[in-house]
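> when you get a sec, could you give me coordinates for this:
(chains A and B)
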There are 2 protein chains.
Amino acid sequence: MKKATQFAKISASLLVTCGLLLGTFTADNAVAADKKKTYHWRLAQTWPSNFPIFGDAVKNMVKMVKTMSDGRLIIRVDSKNKHKAPLGIFDMVRAGQYDMGHSASYYWKGKDPVFMPFTTMPFGMIAAEQYAWFYYGGGMALMEKAYAKHNLLSFPGGNTGNQMGGWFRKEIKTVDDLKGLKMRIPGFAGEVISKLGVAVTNIPPGELYTSLDRGTIDALEWVGPSLDLNMGFHKIAPYYYTGWHEPGTELQFLVNKKRFEKLPADLREILVVAMKTAAYDMFAQSYHASAENLALIRKDYPNIKITTFPKEIIDRLKVENDKLIKEMSAKNPAFKEVIDSQKAYMEKARDWTRISDFAYLKDNVSR
Amino acid sequence: MKKATQFAKISASLLVTCGLLLGTFTADNAVAADKKKTYHWRLAQTWPSNFPIFGDAVKNMVKMVKTMSDGRLIIRVDSKNKHKAPLGIFDMVRAGQYDMGHSASYYWKGKDPVFMPFTTMPFGMIAAEQYAWFYYGGGMALMEKAYAKHNLLSFPGGNTGNQMGGWFRKEIKTVDDLKGLKMRIPGFAGEVISKLGVAVTNIPPGELYTSLDRGTIDALEWVGPSLDLNMGFHKIAPYYYTGWHEPGTELQFLVNKKRFEKLPADLREILVVAMKTAAYDMFAQSYHASAENLALIRKDYPNIKITTFPKEIIDRLKVENDKLIKEMSAKNPAFKEVIDSQKAYMEKARDWTRISDFAYLKDNVSR
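Take a look at the predicted model:
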């Protein structure tokens, strides 16, 4: 039995050593495995598949996240062709059907007007002013507050740049020319311009060209040269008016807050930075596409008259805009808080814009 | 011997099993360890310690990289107080003394004028136009080409926004008022304005206030309200002129190319995205700080007259600027290639600026 005892002892000792070694490695590996866990997320976007610029911002974000996370956070994108609910992003992300979405905050003004000013406001800030407000002037904190009660986080999702006032079949010389004019201009801007007698109608994007061509509508606004050119409006409406209603339209990344909090810290930061960069990048891409497409319009359609609404109209629009905002502020303290923050910020930021880019451009915009 | 043999066999078998298991785990762990390798990088910046905004861009980048990499890429920052070579960043990063740097491309125009236009040019693009050029209009490829032969990579490093034309003790009404005027205005802009008779001098930042106060100089340019307020110039020079010479000053992250290529793919992307975001963020921060500080100047120093150079002066500056650029282009084909790209791009981008933000601001800059 001696040898057997000895054998048993040595065997046990070997097994213990082996076990200890294995234990050490498996414990290490458990941490490594957790760190290496792959998260599969799903994103729903308001836009159709392969929609330029807006859709590119999403693709850009997804790609950055994949590479920076070494494949640990993979985001699948569903377009409206798939989920069939372009204006259901808020609800789907809140409920956790999707982990995140790409849309625009002003689409949720029916749920609460507080969401509207995080996109843009008529006669509001231009993109540079608005980014300063978001990131250094208290805007992000106000947006967080507005969305927190819905289990949502909202982040800037890409800027279109200053949107054009729209395509008109006839020249607009006076306020009277607007009376009875049938125009597609959705949302709050539509409410404002309706006060000047415009008959505001809503028409699905796919029917816009035909409606304008057949005279079902007399005018419409879309985005700007970056996205308008594909729609072909320049072929049937020779007046292209500069903007007043969406001076710095910022799209939105919506994130389910509980899902976000389950990500490890490095992936959270990777996602936040990728969304921020994709948003900034979209502003640069929009600028580029508008510059390129405007040059094409100038070259191929020299009859297009690019012009600005007369001061009389702008002044009336401002009055109606202020009146509506005042009414909404009186009813909704959260909306008022955001509007007041933007107004106070814009006063300072606009003064800087005035003596910097604007003063500079005055000497340098000759054509 | 039977038992001994049996013992040896079982022991051997146990050891093999144990060894195989260990082998499997160590092999796995070797991969994990490599992936988890921590890279310690060093960055040299042109600016002193705790320099606001410019230095914040570096801190912002370093922090994003640390969090996104889960501590696998740690960047230590040396200010000029430490390395004592504010204008030696190019050489130190090229030689590998530092892995990366934060500076401005136009500081290297003595090495090659091709580097100059990647920062800004008199009467050149504003920030929004320039970002569109960098990322969508071919700018990044041209910058990569210019730096590749020096084992360097260059990336946008943060925009100051449109810089102010400077602080003047006396009003400038005509070109004659500039003749013999002693002004601190470094670099290419200094060359341009010297053609109008300005006596351009260079004075270290620490001596600027005293020099202006004592009349050693009559005028100086620095940055804009964001950074000028700390310098106190508004206390001794009541004329603050809007800008012409640095419409979109973009700082620079310089990276040693060989070191960059040694990073794993995820860390390379993390670094690139963090630099890009920090650059964009600095533009927003500059905008914010300028807006806030301008409001302070308006309130506390209402005697400061913020004004624009007369058209006569701007026109002369344009002529001299074009002349100098033409001379440099004739001598340096690489410089010419970048300038031609910027000119062609600006023509299109400026047309868009004109009908978007500029047209909008015309109706909305009242004070």
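
> which non-adjacent residue is nearest A:Cys108?
Rather than Cys, residue A:108 is Trp. Nearest-residue entry for A:Trp108: A:Phe115, 4.1 Å, with adjacent residues in sequence omitted and distances by Cβ to Cβ, 6 or more residues apart in numbering or on different chains. Where you see a C-beta, it was placed from the backbone N, CA and C, and this is true even at glycine.

> got the contact list for that neighbour?
Neighbour list for A:Phe115: A:Ser105, A:Tyr106, A:Tyr107, A:Trp108, A:Lys109, A:Ala146, A:Tyr147 [criterion: Cβ atoms under 8 Å, 6 or more residues apart in numbering or on different chains].

> recalculate using a threshold of 7 Å.
A:Ser105, A:Tyr106, A:Trp108, A:Lys109, A:Ala146 (Cβ atoms under 7 Å, 6 or more residues apart in numbering or on different chains).

> can you report phi and psi for the closest residue to the first one other than its chain neighbours?
Of all residues beyond its chain neighbours, the one nearest A:Ser105 is A:Phe118 (4.0 Å), with distances taken as Cβ to Cβ, 6+ apart. Dihedral pair for A:Phe118: phi -80, psi -10, per degrees, to the nearest 10.

> surely the residue nearest to A:Trp108 is within a strand?
No: read with DSSP: H, G, I helix; E, B strand; the rest coil, A:Phe115 is helix and lies in no strand.

> ok and the helix ranked longest in chain A relative to helix B:265-300, angle-wise?
Ordering each helix of chain A by length in residues (DSSP state H) puts helix A:265-300 first. If you take axes from the mean of the first three to the mean of the last three Cα atoms, to 10 degrees, helix A:265-300 sits at 70 degrees to helix B:265-300.

> for the record, mean pLDDT for stretch A:340-347?
In this model, stretch A:340-347 has an average pLDDT of 98.

> put the alpha carbons of that stretch into PDB.
Output of stretch A:340-347 as PDB, limited to C-alpha atoms (Å, rounded to 0.1, in the frame of the first residue of the first chain):
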ATOM      1  CA  ASP A 340     -35.000  80.800 -23.100                       C
ATOM      2  CA  SER A 341     -31.700  79.100 -23.000                       C
ATOM      3  CA  GLN A 342     -31.400  79.200 -26.800                       C
ATOM      4  CA  LYS A 343     -32.500  82.800 -27.000                       C
ATOM      5  CA  ALA A 344     -30.000  84.000 -24.400                       C
ATOM      6  CA  TYR A 345     -27.200  82.000 -26.000                       C
ATOM      7  CA  MET A 346     -28.000  83.100 -29.500                       C
ATOM      8  CA  GLU A 347     -27.800  86.800 -28.500                       C
END
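
> tell me the buried residues in that stretch?
Buried positions in stretch A:340-347, judged by neighbour count with 16 or more other Cβ atoms under 10 Å in any protein chain shown: A:Ser341, A:Gln342, A:Tyr345, A:Met346.

> which residue, neighbours along the chain excluded, lies closest to the residue nearest the centre of chain A?
Centroid-nearest residue in chain A, with Cα atoms, centre = their mean: A:Leu251, separated by 0.8 Å. Nearest-residue entry for A:Leu251: A:Gly157, 3.6 Å, with adjacent residues in sequence omitted and distances by Cβ to Cβ, 6+ apart.

> show me the contacts for that neighbour.
With Cβ under 7 Å, 6+ apart, A:Gly157 has these contacts: A:Ala57, A:His102, A:Glu250, A:Leu251, A:Gln252, A:Phe253, A:Ala279.
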